[in-house]
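Engineer: Sequence plus the predicted model coming up.
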Amino acid sequence: MDDSLAHPSSELKKPQQPNDDVGEDQEESGDEDEGTLDWTKLLPASARPIIPKRGEKEFEPSVEGGSNLQQHILNRSRNAMFDALKATRTISQKSLCYGIYHPSLSRVSVPIARGQVINTLGHSVPRPTILPDGSNKIQKRLELLPEEAIYLIERGSLFCWKESDVAYGGESDNYPFEIVGGAPMAVQQAFSEMIGKEGLSLEKYQVYSYLKRLGYSITRTHPPNEHYPTADPFPYMKLPVAPPHPQTIMKRAHEIFRIIPDSVCKVLNWVLGKRGFTWWRPLSFGRWICGRVRYGDIFKQLRFIPAGHSVPLYTPPQPITTEPQTKPESPYKFFYNVYKPPTPFKKSAPGPPDYQIAVVNARTTLMPTLHELTALYDISPELPVPVPKYKRPSPPGQPPRGPNPFSALRAGKKTVVVAVVDAGNVGFFRFAQGEWGEWPMVS
């Protein structure tokens, strides 16, 4: 089969004439049946080019380089990819928006908004508008931030014009150009004029477009103006409490009799001089007098070094100089609020975000310091303790099982997500704040 494919035997046939002999037709049909398969007849005759679907590999790499049939299949797939890339991008008029870019505001107003994509983009702002009779009136209009406008222009859902004093259109039959005035903007011009405005960098736009293509809804963490909708504060995460387990009479009596010696030990501990900590007496005398030694009490007494995130961080002393020193601004600040795709999102009243993301450039930004991470942790919400996954229900006679400390330490008490852009490659890193003081390994 491979040898027959190496030398194609099919030839181009002349168009059939009305006066051709029937015998010649039979011979030609016989020759065609004996030839190889015509793969061009298997291609779908579609009216417009389509993007080929992903599939498995055509063949495994081999030393010989593959057979002629495999090479033919690869060439056909490659040509289909090139045809899809060379196709002209089109968009339906039902989902096409028209906007005007205002350089003085760094905003794009959208007088004509269409399609479903605009439902999660833009915000309403009252602006002075000149009416046809010449009067000035405050009216609300839809405005896009620079990243929202570039995203719509790049995906072909927005025709944008730059605000200009030159009158374009004006005729009644020139809709929608009678509403949108100015000079049309290309994609390159939109990038060059909007990148760098309103705190938007190229890395931040790349993160924005990457998440929007995945279906996330994104807003700014810090509102650029007073009319921008702000996200709701994070709700208080109440930790799950296990239901009380019914105790027997013996267990209740044991708890009652244990409280009495503990109280006596505390009084003796205070009376015998354990009023302040010293390095020579890390343990109390009352423990040995009472005759009750437990591992939890011993390790609790040995924790004399302050630990935990409530302890203030060490700040090195600054040199005394006469010149005022300005502290450099940290690049690790939350810039985007991210909402998951299945989350019900309303752009006029967004709820608490699922994630808050800080965007940095990998080529110019170092790893975050402990002070920078602490500043992000201070404004992040506390996460609930992971609930243990039970494969089977516990017997009714046993107490409910508590949360696994290793799962809680792995998940972290608070989480910070940092988007790192390295020459166009977007990556996300999660920094979790562990709480080792709340989960002692020996108790």
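Structural biologist: Received the coordinates, thanks. Only a predicted model underlies this, so the values are computations on that prediction, with no experimental measurement involved.
Engineer: hang on, Asn136 packs against Pro128?
Structural biologist: Yes: Asn136 is within contact range of Pro128, at 5.5 Å (criterion: CB atoms under 8 Å). Using the backbone N, CA and C atoms, a C-beta is placed for each residue, glycine as well.
Engineer: What separation do you get for Gly134 and Tyr336?
Structural biologist: Using CB to CB, to the nearest Å, Gly134 is found at 42 Å from Tyr336.
Engineer: which one of the two has more residues nearby?
Structural biologist: Tyr336 (22 against 6; other CB atoms under 10 Å).
Engineer: what's near enough to touch the more buried one?
Structural biologist: Contact analysis of Tyr336 by CB atoms under 8 Å, 6 or more residues apart in numbering lists 204, 207-208, 211, 218-221, 356-357, 359.
Engineer: any idea which helix or strand carries it?
Structural biologist: Counting by DSSP states H and E, the element that carries Tyr336 is strand 334-339.
Engineer: for the stretch 151-300 of the chain, which spans come out with low pLDDT?
Structural biologist: Counting by pLDDT under 70, the ranges of the stretch 151-300 of the chain that qualify are 166-181, 236-297.
Engineer: Which residue ranges of the stretch 251-400 of the chain form helices?
Structural biologist: Assigned by DSSP state H, counting those that start in this stretch, the stretch 251-400 of the chain shows helices spanning 285-290, 295-302, 370-378.
Engineer: List every C-alpha atom in the longest one, with coordinates, as PDB.
Structural biologist: Okay, so that is helix 370-378. These are the backbone C-alpha positions of helix 370-378, laid out as PDB (Å, rounded to 0.1, in the frame of the first residue of the first chain):
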ATOM      1  CA  LEU A 370       7.500  39.100  54.300                       C
ATOM      2  CA  HIS A 371       6.200  42.700  54.900                       C
ATOM      3  CA  GLU A 372       4.600  42.700  51.400                       C
ATOM      4  CA  LEU A 373       2.800  39.400  52.000                       C
ATOM      5  CA  THR A 374       1.700  40.500  55.500                       C
ATOM      6  CA  ALA A 375       0.200  43.700  54.000                       C
ATOM      7  CA  LEU A 376      -1.800  41.500  51.600                       C
ATOM      8  CA  TYR A 377      -2.800  39.000  54.300                       C
ATOM      9  CA  ASP A 378      -4.200  41.900  56.400                       C
END
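Engineer: Run through the neighbouring helices and strands of that helix.
Structural biologist: strand 414-422, strand 425-433 (3 or more CB pairs under 8 Å, 6 or more residues apart in numbering; DSSP states H and E).
Engineer: quick one, that helix and strand 334-339 angle?
Structural biologist: Angle, helix 370-378 to strand 334-339, by axes from the mean of the first three to the mean of the last three CA atoms, to 10 degrees: 40 degrees.
Engineer: hmm, who's touching helix 370-378?
Structural biologist: So helix 370-378 is contacted by 309, 313, 315, 330, 332-334, 358, 368, 414, 416, 431, 433 (CB under 8 Å, 6+ apart).
Engineer: so which of these comes closest to Pro233?
Structural biologist: Phe334 (13.7 Å; CB to CB).
Engineer: Spit out the contact partners of the closest one.
Structural biologist: Phe334 neighbours (CB under 8 Å, 6+ apart): 221-222, 356-358, 376, 379.
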